[in-house]
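Asks: give me a model of this one.
(chains A, B and C)
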Amino acid sequence: MTTTEITNTLRGRLGTSLLSTSEPVAGKLYLEVEAKALADAARCLQDDLKGRFLISAATDRRATNGAFAVTHFFSLDPDKLFVSLTARVPEGSAVVPSITPAVPAANWAEREIQDMLGVKTEGHPDPRRLVVADDWPEGLYPLRKDVPYDIKPPAQAGVEMKFKPAPAGTSTLVVGPFYPVLEEPAQLRLYVEGERVVDCDYRGFYSHRGIEKLGDSVLTYNEIPFVAERICGICGFIHSTCYCEAAEEAAGVEVPRRARYIRLLMLEIERIHSHLLWLGIAGHIIGFDTVLMQSWRIREPIMWLCEQITGNRKTYGMNLVGGVRRDIPADLHPKILEVIRKIETETLAVADAIAGDTPLRLRIQGVGRISEAEARRLCVVGPVARGSNVGIDARVDHPYAAYDELPPKVAVHDSSDIFARLMVRVEETFDSIRLVREALQQMPEGPIMAEMKEAIPAGREGLRSIEAPRGEAIHYLLSGPDNRPERWRVRAPTYANLQAIPTMIKDETIADVPIILGSIDPCFSCTERVETVDLKTGEERSITRRQLEELSRNRRP
Amino acid sequence: MAQTIEIIGLAIVNLVVLVGLAPLADGLLRKLRATLHSRKGPPITQPYIDLLKLLGKEDLTPQGTVGFGAGVWAVAPILGLGAIMVAALFVPLAGAPPLNFAGDVIALLYLLALATVAITLGGFASGNPYAYIGASREVMMLLTAEPVMAIALVAIAVKAHTLTFAGMIASQGAVGFSVSGVIATIAFLLALQANVGKLPFDIPEAETEIMGGPFIERSGPGLALFRLAAQAKTLIFGFLLVTVFLPWPTHLGLPLATLLNFVKVAVVLVLVEIANVANPRLRIDQAMVFYSRIVVFVAVVALVFAALGA
Amino acid sequence: MIISKLKEAWICIKAGRVTLPYPFKPRVPEEGFRGRVTVEAERCLGCAGCANVCTPRAIVVSDPSQELRVLDFFLERCTYCARCAEVCPEKAITVTKEFETSTNNTQDLHLRVEVFMGTCQRCGRCFEPATPLDKMMVTGFRDGDGASQPLPQG
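Replies: Here you go, the predicted structure:
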């Protein structure tokens, strides 16, 4: 489908509510609609045009045009197209119709708009707070430009956390925020009958660090890659690459070919070590510590290799807007190939050994199912989607770095359970090994950094999606005055996948909840990066020992 | 009088070996586990250091326990370790246990079950939902894995026409290989994993799923007692398997027989630990299916063979 | 299943022990490792390019008087990105391979470079449009200062 066809379909549906269209670069269609038509437009995009919801971003543009801009991003994967719907609402009537009834995957994104910008989404089925704490003061919307980035407001007194009421006949089991399986804090409330999970509620964003606000307020274009690579504890390079590519799109700068290949190389190396890490974590969750120890042992040489190539095991610090900082000299190539070869042999041995492992299969086969229909409805991404026969992969659907020249093989399985996700990840690991070899072979000569002489003018947009090991990550950048960003929006893959957890754990036993949670490869730090100050400062009052004991024990329901 | 002193002496030896040396056995097994994990692991005296450290920590009682519950909470670790220690007196190290009377096997089974009941009671008394889950799983494992052990022991007892350990050992030694003996040994081995709480059957205490199960609220001395009881239980089961089911060669002097049993127990525990390292944790329903459908059947077959004289 | 267990056991045994003796034996990272930075004060021009790119605001520049510029390096904030070393025109900042930088006393991680600056003959240093350097002076970058308060001048 061409952009003209899409525009015509939408114009037919919305009439005069479709205010303007713009296609700044190939593959991007930005539409402006009237606020009242947002829900219709979203429904049309999703149902008629087969779009997949990505994320929403709201920006405080009162200084520029006196309004808040609410944007919903969709991806039309078969057409390799991004479509965005923007509505502007003035400050006095900052209300938009909620698109969640039409697009269930927009649930969290719209709650975030309410929390962060104070734009009310009318008709949202669950308008509770998502990002800010329940005792965050009313009327204080962190992403608004008049709120400083380092504000530390006192908590409202006497406000309890709001949870869904437990269904009748169930007891509540609180998983988290302190829980051995989760490396990061999150609270999952399970409503159980005996050992069977009937329903659940989620409260996260404990490790919200206010990164997007920092991007808006104090960081410059070239400082953001270093913050971006610290969004996640494992997949840092994808965030910095995704941001840099979005910024390069906004700036209209073309990255040299060699830099694109280097980015692909480091991205695939990161994928290998991330999947091996996941394998270990999944093993640990089901009590199979040997898999943890061995897979992490196998993975360690890659970390040393990255330290040698980039200067650090994980925070590579390689990306800047315009290219990469460090080259990969030719004398490193044999070392890279040797490490990759060893990892391939050992991973093959491990995959072969655990293939026939009956107790392992008993734990992960048939568990944590999400049907293809549900996966599409909830817009899950990554191995979770590909394990349910939804073959989306940002490397193929929206090529970036050098993937247009080196396409990957998309691994798709259809048993929809944890085993399918395991197989997808294992196959992706071997495919990444192939890509690393081919990238080294085909790497062109040339510069690694494009010269960026002028400042990026204001009002330019950049949107990029990138396939992290966990799924699709999205960065959106709106350039502002003074050669600094006006809005930086990040959507990590776990953000989308976490919303599918209630579907996956319904009617499973408690024993399986941790491994199901682990099978989406959750990275809560990635998910919770948005907005202002440290959530924990609201709770900086000193807690007595008794209160701490009470907090850290699971109270009887 | 001399006999009393002998009994007391043997009892002390049993306690020293089965309870005092249990942490050392655990430390050695941890070293084995570490080796299979390609790492160095803690020193073999680490469990002793852990127990000493725990004894020095504060013993916290959870907020929800009052009155009778608090009493159960306080008594449970003592009951657990106490039951294990008395059970240790019934376990033969070589020829005969220090305490023996006509109903050895029954007393032992009761005492071992009592230790598990103590864990369960402690779990329920804590008021923590995770402890409830762990305690209920503990009961489910008791109801499925313990009968297997009981039937296997009873199979040997039926062969020997006596319920005393001394008699059973002598009879096994005299008879040598027998169909029922072999099948009973297999059944006991399969039940061993669950009874000592090792993977794939460490379900009641699943660390990553229910954060320690019945022990989630334990701290300090209470936890130390439970840990020591668990370690001693491992050794007790090891010795039971080796002395009752595999007592050959016989006709060795007592010290030499005991030494040989140590070696055999070491082999058994190494196998248990390898199974521990090489397996993920099963779900409670999967474990119960395994025991109540498959393994108990094996044990019953052994019993039938024993009854038929084979 | 038994075969798979045997294969797994073989993988474990073949690997042997991989625990490194660190910290009992030192561990030297490879070349190119980004560790702690050091500054050669004699080379510093006082251009504050390093402070301009420092993402965690570990480098704070202040002008106590017309002739003196002080660059404070608060290396406890450093994220080891090595941008400062990259942009320094005089190569005054070097990246070492030291990574064992924990200390009880944060003073150990503070560097101070004091540079005598040339001054305009008539009025000291004054430039008409606000320079990027001046903009940095207006907002404080120290932990606890907050963006809302300016650094003390003079």
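
Asks: and the contacts of stretch B:134-142?
Replies: B:113, B:116-117, B:119-124, B:194, B:201, B:203-206, B:210, B:212-216, B:284, B:287-288 (CB atoms under 8 Å, 6 or more residues apart in numbering or on different chains). For the C-beta atoms, the positions are set from N, CA and C on the backbone; glycine is no exception.

Asks: what's near enough to touch the closest residue to residue B:276 other than its chain neighbours?
Replies: By the measure of CB to CB, 6 or more residues apart in numbering or on different chains, the closest residue to residue B:276 outside its immediate chain neighbours is residue B:198, 4.2 Å from it. Residue B:198 sits next to B:234, B:272, B:273, B:275, B:276 when contact means CB under 8 Å, 6+ apart.

Asks: ok, now residue A:163?
Replies: Applying CB under 8 Å, 6+ apart, the residues near residue A:163 are A:189, A:201, A:203.

Asks: how near is the last one to residue A:523?
Replies: Read that as residue A:203. 17 Å (CB to CB, to the nearest Å).

Asks: the more surrounded of those two?
Replies: More crowded of residue A:203 and residue A:523, by other CB atoms under 10 Å in any protein chain shown: residue A:523, with 27 against 21.

Asks: which helix is the longest one in chain A?
Replies: helix A:257-285 (DSSP state H).

Asks: how is chain A carved up into domains?
Replies: The record's domain parsing of chain A by automatic domain parsing lists A:1-127, A:213-491+A:515-520.

Asks: quick one: mean pLDDT for the last one?
Replies: When the per-residue pLDDT values of domain A:213-491+A:515-520 are averaged, the result is 93.

Asks: start to end distance for it?
Replies: Taking CA to CA, to the nearest Å, domain A:213-491+A:515-520 runs 27 Å from one end to the other.

Asks: do it and chain B meet at all?
Replies: Yes: Domain A:213-491+A:515-520 lies within reach of chain B by CB under 8 Å from any CB of the partner chain, at A:283-291, A:293-294, A:297, A:357, A:359-360, A:362-363.

Asks: how many residues are close by residue A:48?
Replies: For residue A:48, using other CB under 10 Å, the count is 13.

Asks: against residue A:1, how distant is it?
Replies: Residue A:48 is 11 Å from residue A:1, by CB to CB.

Asks: show the pLDDT at residue A:533.
Replies: pLDDT, read off for residue A:533, is 25.

Asks: how much space between the residue nearest to the spatial centre of chain A and residue A:233?
Replies: Centroid-nearest residue in chain A: residue A:492, 1.1 Å away (criterion: CA atoms, centre = their mean). Per CB to CB, residue A:492 is found 12 Å from residue A:233.

Asks: now do the same contact list for residue A:390.
Replies: Residue A:390 neighbours (CB under 8 Å, 6+ apart): A:372, A:375, A:376, A:380, A:412.

Asks: out of these, who's nearest residue A:337?
Replies: residue A:412 (28.5 Å; CB to CB).

Asks: report how many residues lie close to residue A:89.
Replies: Residue A:89, neighbours per other CB under 10 Å, totals 20.

Asks: which outside residues touch the host helix or strand of it?
Replies: Residue A:89 is part of strand A:81-90, with elements assigned from DSSP states H and E. Strand A:81-90 has contacts (CB under 8 Å, 6+ apart) with A:1, A:3, A:6, A:27-35, A:37-38, A:41-42, A:45, A:49, A:51, A:54, A:61, A:65-76, A:95-96, A:119, A:398, A:463, A:465.

Asks: now do the buried residues in the longest helix seen in chain C.
Replies: For chain C, the longest helix by residue count, based on DSSP H, is helix C:2-15. Of all the residues in helix C:2-15, those buried under the rule 16 or more other CB atoms under 10 Å in any protein chain shown are C:4, C:5, C:7, C:8, C:9, C:11, C:12, C:15.

Asks: correct me if wrong: the fourth one contacts residue B:278.
Replies: What that stands for is residue C:8. Yes: using CB atoms under 8 Å, residue C:8 is in contact with residue B:278, at 5.7 Å.

Asks: which neighbours do the two share?
Replies: residue A:290.

Asks: could the contacts of residue B:198 go into CSV alongside secondary structure, neighbour count and pLDDT?
Replies: As requested, the contacts of residue B:198 are exported to CSV (DSSP: H, G, I helix; E, B strand; the rest coil; neighbours: other CB atoms under 10 Å in any protein chain shown; pLDDT from 0 to 100):
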residue, secondary structure, neighbour count, pLDDT
B:234, helix, 24, 93
B:272, helix, 21, 93
B:273, helix, 21, 93
B:275, helix, 17, 90
B:276, helix, 24, 91
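
Asks: among those residues, which pair sits farthest apart?
Replies: B:234 and B:275 (12.7 Å).

Asks: which ones are touching the residue nearest in space to the middle of chain B?
Replies: The C-alpha lying nearest the average C-alpha coordinate of chain B belongs to residue B:233 (CA atoms, centre = their mean; 3.2 Å). Residues in contact with residue B:233 (CB under 8 Å, 6+ apart) are B:84, B:112, B:115, B:195, B:196, B:197.

Asks: what's around residue A:12, how many residues?
Replies: Residue A:12: 11 neighbours (other CB under 10 Å).

Asks: repeat that for residue B:176.
Replies: Residue B:176, neighbours per other CB under 10 Å, totals 9.

Asks: that one touches residue B:248, doesn't it?
Replies: Yes: at 7.2 Å, residue B:176 counts as touching residue B:248 under the criterion of CB under 8 Å.

Asks: what pLDDT does the model give residue A:540?
Replies: Looking at residue A:540, the pLDDT reads 28.

Asks: which residue is the nearest non-sequential neighbour of residue B:99?
Replies: residue B:89 (4.5 Å).

Asks: distance check, the one you found against chain C.
Replies: 37 Å (CB to the nearest CB, to the nearest Å).

Asks: does residue A:467 lie in a helix or a strand, and which?
Replies: Per DSSP H and E: strand A:461-468 holds residue A:467.
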